[in-house]
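1. Following is a predicted model, sequence given first.
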Amino acid sequence: MRKISSGAILFAAFGALAHAQTQQELLRDGNSGSTDNVLTYGMGYHQQRYSPLRQINKSTVKRLVPVWSASLANEFGEQGQPLVYNGVLYAANVKRVVAIDVATGRQLWMTALEWDPAVARVVCCGLSNRGVALYNGKLFVGSVDAHLRALDANTGKEVWKVKIAEWKEGYSITSAPTVANGVLMTGMTGGEYGVRGFVDGYDPDTGKHLWRRHTTAGPGEKGNETWPAGDAYLRGGGSTWITGSYDPELNLLYWGTGNPHPVLAGKVRPGANLYTCSIVAVDASTGKLKWYYQTVPGDAWDLDSVGGFIMADVSQTSWSMASSARC
């Protein structure tokens, strides 16, 4: 009986991990008022990063004390936002992905992100990882050698791995992936090295490449005339190194793009250099560009426009009042 009971206890301890995470759960994240889980980068597709917790306020915050700590054994620093699902915290850095019991701090599993040491001499700008995505029982993570991985959320075992680009050409991934409407998406880095920026869409079950939205306009595309003649667009930058937000009603991603290449050298690439330093609205199912807004045409100052784009329902009255206050 003791052996049977021990097995039952182990099943109960890990049973929560085995439940598949659904698109409906992703849609509710940050909107339902539930504080049990944190399922998306930015605490909701809207990326408001706001929790409705009421137990912690101006009066009670002074009573917060450490309960446990866990070392992630990473000398390069931590930039990743953890996710929490059914009592398990998932975190990533440039070296590894871990699953931790939120109640005790006990590590449930660890998966190393192995990459060629030479990557450290190429990747821009610093060795970092900003987090993971969860969907349908899998955990997704990018790595600095420009690979995208799917791990079993229950065990950490690798399910599939795809190469999105060649790290030796300057490409890497430092942002957190995201899943929207059944499509796994990732950005990339490397604009300082003359790469061509993009956002990629993949099948989360198999890793099959579904679409690519380049962020520099090529021949036959609207905006190609904003680049110097020739193949400047192929080395034009426009990195997508911060995870975009998502509007489920319109099925649109709002993703920011970085500086054009060469950086700090506007005179050698006259024109607006679309779609660098822009907000691009992309259909999550197809990668089709719906609209864009360029914040810095022909950027010559390295003013990336990749910051998180916060979505909110704002009444016309409150918007008018806010506009008046700024005048």
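-> Perfect, thanks for sending it.
2. going forward, measure contacts and count neighbours with C-alpha atoms only.
-> Fine.
3. Residue 119: what's it in contact with?
-> Neighbouring residues of residue 119 by Cα atoms under 8 Å, 6 or more residues apart in numbering: 144, 145, 167, 168.
4. Just the buried subset of these, please.
-> Among these, the ones that count as buried by 16 or more other Cα atoms under 10 Å are 144, 145, 167.
5. mind checking the SS state of the first one?
-> Going by DSSP: H, G, I helix; E, B strand; the rest coil, the secondary structure assigned to residue 144 is coil.
6. same deal with residue 52?
-> The local conformation at residue 52, judged by three-state DSSP, is coil.
7. Strands of the stretch 201-327 of the chain, residue ranges please.
-> 209-214, 245-247, 252-256, 278-283, 289-294 (DSSP state E, counting those that start in this stretch).
8. Need the winner for burial among those strands.
-> Here the criterion is mean neighbour count by mean count of other Cα atoms under 10 Å, and of the strands of the stretch 201-327 of the chain the winner is strand 252-256, at a mean of 25.
9. ok, that strand: who's next to it in the sheet?
-> Paired with strand 252-256 in the same sheet, following DSSP bridges, are strand 245-247 (antiparallel), strand 278-283 (antiparallel).
10. contacts for the shortest one?
-> If I follow you right, that is strand 245-247. For strand 245-247, the external contacting residues (Cα under 8 Å, 6+ apart) are 45, 46, 47, 180, 252, 253, 254, 255, 308, 309, 310, 311.
11. thinking again about what came up before, would JSON lines of the strands paired with strand 252-256 with mean pLDDT be doable?
-> What follows is those, written out as JSON lines (pLDDT from 0 to 100):
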{"stretch": "strand 245-247", "mean pLDDT": "97"}
{"stretch": "strand 278-283", "mean pLDDT": "97"}
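12. Of those strands, which is nearest residue 222?
-> Residue 222 lies closest to strand 278-283 among those, at 13.3 Å (Cα to Cα).
13. what's the offset of the closest one from the middle of its chain?
-> Distance of strand 278-283 from the chain centroid (Cα atoms, centre = their mean, to the nearest Å) equals 15 Å.
14. what do you get for stretch 206-222?
-> The answer for stretch 206-222 is 18 Å, by Cα atoms, centre = their mean.
15. Kindly check the end-to-end length of it for me.
-> Using Cα to Cα, to the nearest Å, the end-to-end distance of stretch 206-222 comes out at 33 Å.
16. One more: stretch 257-265?
-> 17 Å.
17. Can you give me the buried ones in that stretch?
-> Neighbour-count burial for stretch 257-265, counted by 16+ other Cα under 10 Å, picks out 257, 258, 259, 260, 261, 262, 263.
18. Kindly report the same for stretch 97-105.
-> Neighbour counts over stretch 97-105 (16+ other Cα under 10 Å) mark 97, 98, 99, 100, 101, 102, 105 as buried.
19. Run through the residues that contact the last one.
-> It stands for residue 105. With Cα under 8 Å, 6+ apart, residue 105 has these contacts: 68, 69, 70.
20. Wait, the first one touches residue 102, no?
-> Pointing back at residue 68 there. No - counting by Cα atoms under 8 Å, residue 68 does not reach residue 102; the two are 9.2 Å apart.
21. so what's the nearest residue to residue 114 once chain neighbours are set aside up against?
-> Leaving out its chain neighbours, the residue that sits closest to residue 114 by Cα to Cα, 6 or more residues apart in numbering is residue 95, at 6.9 Å. By Cα under 8 Å, 6+ apart, the residues touching residue 95 are 74, 112, 113, 114.
22. so what's residue 95 scoring on pLDDT?
-> pLDDT, residue 95: 95.
23. Could you check stretch 238-249 and say which residues are buried?
-> By neighbour count with 16+ other Cα under 10 Å, stretch 238-249 contains the buried residues 238, 239, 240, 241, 242, 243, 244, 245, 246, 247.
24. before we move on, back to that, which of the buried residues of stretch 97-105 lies at the shortest distance from residue 294?
-> Set against residue 294, the nearest of the buried residues of stretch 97-105 by Cα to Cα is residue 97 (35.3 Å).
25. And the helix or strand containing the closest one, what does it pack against?
-> Taking DSSP states H and E as the definition, one finds residue 97 inside strand 96-101. Here strand 96-101 touches strand 88-92, strand 107-112, going by 3 or more Cα pairs under 8 Å, 6 or more residues apart in numbering; DSSP states H and E.
26. Deepest in the core, which of the ones you listed is it.
-> Greatest average neighbour count among these goes to strand 88-92 (a mean of 25), per mean count of other Cα under 10 Å.
27. Parallel or antiparallel, which strands does that strand pair with?
-> Strand 88-92 sits in its sheet next to strand 83-85 (antiparallel), strand 96-101 (antiparallel), going by DSSP bridges.
28. Any idea which of these gets closest to residue 284?
-> Nearest of the strands paired with strand 88-92 to residue 284, taken as Cα to Cα: strand 83-85 at 21.9 Å.
29. contact partners of the closest one?
-> For strand 83-85, contacts defined as Cα under 8 Å, 6+ apart pick out 17, 36, 37, 38, 39, 40, 41, 89, 90, 91, 132, 133.
30. Throw the residues you listed into CSV and include pLDDT, thanks.
-> Listed next are the contacts of strand 83-85 as CSV, based on pLDDT from 0 to 100:
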residue, pLDDT
17, 47
36, 85
37, 92
38, 93
39, 95
40, 95
41, 95
89, 97
90, 98
91, 96
132, 98
133, 98
